[in-house]
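Chemist: Sequence below, structure please.
(one chain, ligands or ions: 2)
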Amino acid sequence: MKKIFSKIISVAVCAGMVLSTAMSAAAETVTVEPDYPIHGNKCGAVIITPELDREVYVKITQLTPDGDYVYYNTVLPAGGETVGETDYSFIVEGKDDSSYTITLGVPKYKGSKDTQEITYDFTVSDTDYIVDEEINGYVYMFSVLRNDDLEQPEITAEHETVMDENGIVTTVVAVTFPASDIIPGDVNFDEVINLYDVIEITKYLMDPSYFGDDQISAADYNADGKVNLYDAIDIAKMIMNMK
Ligand SMILES: [Ca+2]
Ligand SMILES: [Ca+2]
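Modeler: Numbering: from 1, shown residues only. Ligands and ions are numbered 1, 2, ... in the order given. From the prediction side, this is the model:
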């Protein structure tokens with residue numbers, strides 16, 4: 001009976017916690033529904049603020065002795081004009097000091113299927129197992145940012161956890177991605193994709209020294225890590241479909 005009661009309390013606290021957290025941050029908050037009912041009786045929330053102009057892939061898994069449960073496996077839409085103005089809220093709950101893993105992924109190039117990922121582990125502790133009446137919940141805030149100076153995605157800021165007057169413990173994490181403006185298919189960087197780009201690829205196929213790294217990235221239109229005739233064919237097909 002105690003379990004059920006504390007579960008109800010937990011949900012009530014969670015709802016209030018997420019709302020108050022959201023109000024202090026961005027203009028709009030979108031609550032993401034989990035794929036399975038979340039088990040636990042200690043309140044937690046993950047707030048993600050994408051601050052770059054492309055999709056963010058989110059996977060949140062709870063690691064338990066009975067197995068790993070994927071509660072969220074979703075794609076947050078590209079921000080466009082509203083970059084950084086929308087928060088996405090994911091409820092997570094603690095049970096036996098639950099460990100969670102969050103994997104964030106971002107396309108390397110706008111519109112590309114070629115993504116880069118980073119993983120972060122966190123814990124939502126259970127009141128039944130911790131003698132600490134003061135902690136009422138855990139919030140993990142992730143800003144997904146752009147930094148083209150990086151080779152690989154990085155976690156560039158992980159602040160000390162801070163507890164507010166309501167007993168909510170907040171951890172702020174900045175996750176930075178190199179996110180080039182290269183347009184897949186635009187091999188000559190004139191911001192349109194046309195037959196001149198196909199011609200560039202055929203020149204490269206005859207002489208691999210013809211392209212630099214950025215051109216190789218742009219020329220891998222089908223994002224399979226190689227530049228070959230299939231990319232030229234796919235670009236040509238796309239151009240024909242546009243006409
Ligand atoms: Ca072009
Ligand atoms: Ca390719």
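
Chemist: For this protein, give me the ranges with low pLDDT.
Modeler: Scanning the chain for pLDDT under 70 picks out 1-27, 80, 96, 126-134, 159-160, 243.

Chemist: Mind checking what secondary structure the spatially most central residue of the chain has?
Modeler: Nearest to the geometric centre of the chain sits L104, at 3.4 Å (CA atoms, centre = their mean). Assigned with DSSP: H, G, I helix; E, B strand; the rest coil, L104 falls in the strand class.

Chemist: got a list of what it touches?
Modeler: 48, 56-58, 117-120, 142, 144, 153, 175 (CB atoms under 8 Å, 6 or more residues apart in numbering). C-beta here means a position set from N, CA and C on the backbone, and glycine is covered the same way.

Chemist: go with 6 Å
Modeler: Neighbouring residues of L104 by CB atoms under 6 Å, 6 or more residues apart in numbering: 118, 175.

Chemist: Distance of it relative to ligand 1?
Modeler: Between L104 and ligand 1 the computed distance is 31 Å (CB to the ion, to the nearest Å).

Chemist: for A223, same thing?
Modeler: Distance of A223 to ligand 1, given as CB to the ion: 17 Å.

Chemist: do N136 as well
Modeler: 55 Å.

Chemist: Apart from its chain neighbours, what residue comes closest to that residue?
Modeler: Spatial nearest neighbour of N136, excluding adjacent residues (CB to CB, 6 or more residues apart in numbering): G167 at 3.7 Å.

Chemist: hang on, isn't the one you found packed against Y138?
Modeler: No: here G167 lies out of contact with Y138, judged by CB atoms under 6 Å, at a distance of 10.3 Å.

Chemist: When the two are compared, which one has more neighbours?
Modeler: Y138 (25 against 14; other CB atoms under 10 Å).

Chemist: how about the more buried one, what does it touch?
Modeler: 44, 124, 169.

Chemist: surely the second one meets S98?
Modeler: Yep, that's V124 we're talking about. Yes: V124 is within contact range of S98, at 5.2 Å (criterion: CB under 6 Å).

Chemist: what about these two, which has more around it?
Modeler: Higher neighbour count among V124 and S98: V124, with 25 against 22, using other CB under 10 Å.

Chemist: Would you map the strands across this structure?
Modeler: 28-31, 42-50, 56-64, 67-76, 86-94, 98-107, 115-124, 137-146, 154-158, 162-163, 168-177 (DSSP state E).

Chemist: from those strands, which stretch is densest packed?
Modeler: strand 42-50 (a mean of 25; mean count of other CB atoms under 10 Å).

Chemist: for it, packing partners?
Modeler: helix 2-24, strand 86-94, strand 137-146 (3 or more CB pairs under 6 Å, 6 or more residues apart in numbering; DSSP states H and E).

Chemist: Could you list the paired strands of the last one along with their orientation?
Modeler: Pointing back at strand 137-146 there. Here strand 137-146 is paired, per DSSP bridges, with strand 42-50 (parallel), strand 168-177 (parallel).

Chemist: Adding distance to ligand 2, write the ones you listed out as JSON lines.
Modeler: Shown next, in JSON lines, are the strands paired with strand 137-146 (distance: least, CB to the ion, whole Å):
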{"stretch": "strand 42-50", "distance to ligand 2": "27"}
{"stretch": "strand 168-177", "distance to ligand 2": "22"}
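
Chemist: In TSV: those, plus distance to G185.
Modeler: Shown next, in TSV, are the strands paired with strand 137-146 (distance: least, CB to CB, whole Å):
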stretch	distance to G185
strand 42-50	24
strand 168-177	21
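
Chemist: Out of those strands, flag the one nearest A236.
Modeler: Closest of the strands paired with strand 137-146 to A236 is strand 168-177, at 30.8 Å (criterion: CB to CB).

Chemist: Cheers, nothing more for now.
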